[in-house]
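K.L.:
Got a sequence here, can you model it:
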Amino acid sequence: LRNARRARLALADQAALADQAIYDLYRGDQYLSALLLELDLGSGVMTAVDAGSPRLVRVRDGDVTGQELEAQFPLGMFEATDYREQRFPLHRGERLFVLSDGVIDAVGQHGRYGEMAMERFLRRTGPMEPLNAVRSLLGDLRAFVAGDLVDDAVVVCVDWTGPQP
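P.N.:
Now for the predicted structure:
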């Protein structure tokens, strides 16, 4: 991915090269879920390739919404997968969370975290710095499941403050 990015290939082409490299090694027996993102710092336009299960959630002015992305096959699952890019604008002051299914599908006594507690907690992270928002979310998730997580829990948080003047 790094070599493809440095060669300034389009995000879909980067995904296709990574897909082929993983497929060549494992022939579909192992694969990788990934969400590839590229942000144009001048315009605030995000380009995305959803290759698997990670979810992208937007928080703006206290509203929490999932960013709909076209679900595509994980990297390395099939030979020569054709990936497609999607583009959407970010708004100044918007916060993005990338969440793995281990966060969304984590189960506690009263149900799944993604259905019971996640949206409420994401809304409360507004005044926190991104690193503290991630730490707090993972702490809330651990408290929700009241023990160890069954699946991996990946959380990435990014604030979009707008283009540089």
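
K.L.:
Do you have the strands of this protein handy? List them.
P.N.:
Under the criterion DSSP state E, strands of the chain are mapped to 34-39, 45-51, 55-60, 63-66, 86-89, 94-99, 107-108, 111-112, 155-160.

K.L.:
counting contacts, what elements does the last one pack onto?
P.N.:
Secondary structure elements in contact with strand 155-160, counted by 3 or more C-beta pairs under 8 Å, 6 or more residues apart in numbering; DSSP states H and E, are strand 94-99, helix 130-145. Glycine gets a C-beta too; all of them are placed from N, C-alpha and C.

K.L.:
Identify the residue nearest the geometric centre of this structure.
P.N.:
Against the mean C-alpha coordinate of the chain, by C-alpha atoms, centre = their mean, the closest residue is Val98 at 2.9 Å.

K.L.:
Surely that residue is in contact with Leu56?
P.N.:
Yes. Val98 is within contact range of Leu56, at 5.8 Å (criterion: C-beta atoms under 8 Å).

K.L.:
So for those two, which residues contact both of them?
P.N.:
35, 37 (C-beta atoms under 8 Å, 6 or more residues apart in numbering).

K.L.:
and stretch 93-111, how far apart are its ends?
P.N.:
For stretch 93-111, the first and last residues are 32 Å from each other (C-alpha to C-alpha, to the nearest Å).

K.L.:
Now find how far off-centre that stretch is within its chain.
P.N.:
Relative to the centre of its chain, stretch 93-111 is centred 10 Å away, using C-alpha atoms, centre = their mean, to the nearest Å.

K.L.:
Low-confidence ranges, this structure, go.
P.N.:
164-165 (pLDDT under 70).

K.L.:
dump the residue contacts of the residue nearest to the centre of the chain.
P.N.:
35, 37, 54-56, 154-158.

K.L.:
so how many other residues sit close to the closest residue in space to Gly42 that isn't next to it in sequence?
P.N.:
Nearest non-adjacent residue to Gly42, counting by C-beta to C-beta, 6 or more residues apart in numbering: Pro163, 5.4 Å away. Neighbours of Pro163 under the rule other C-beta atoms under 10 Å: 11.

K.L.:
I'd say Pro163 and Leu41 touch.
P.N.:
Yes. With contact defined as C-beta under 8 Å, Pro163 counts as touching Leu41 (6.2 Å).

K.L.:
Just give the number of residues close to Ala4.
P.N.:
Ala4 has 17 nearby residues by other C-beta under 10 Å.
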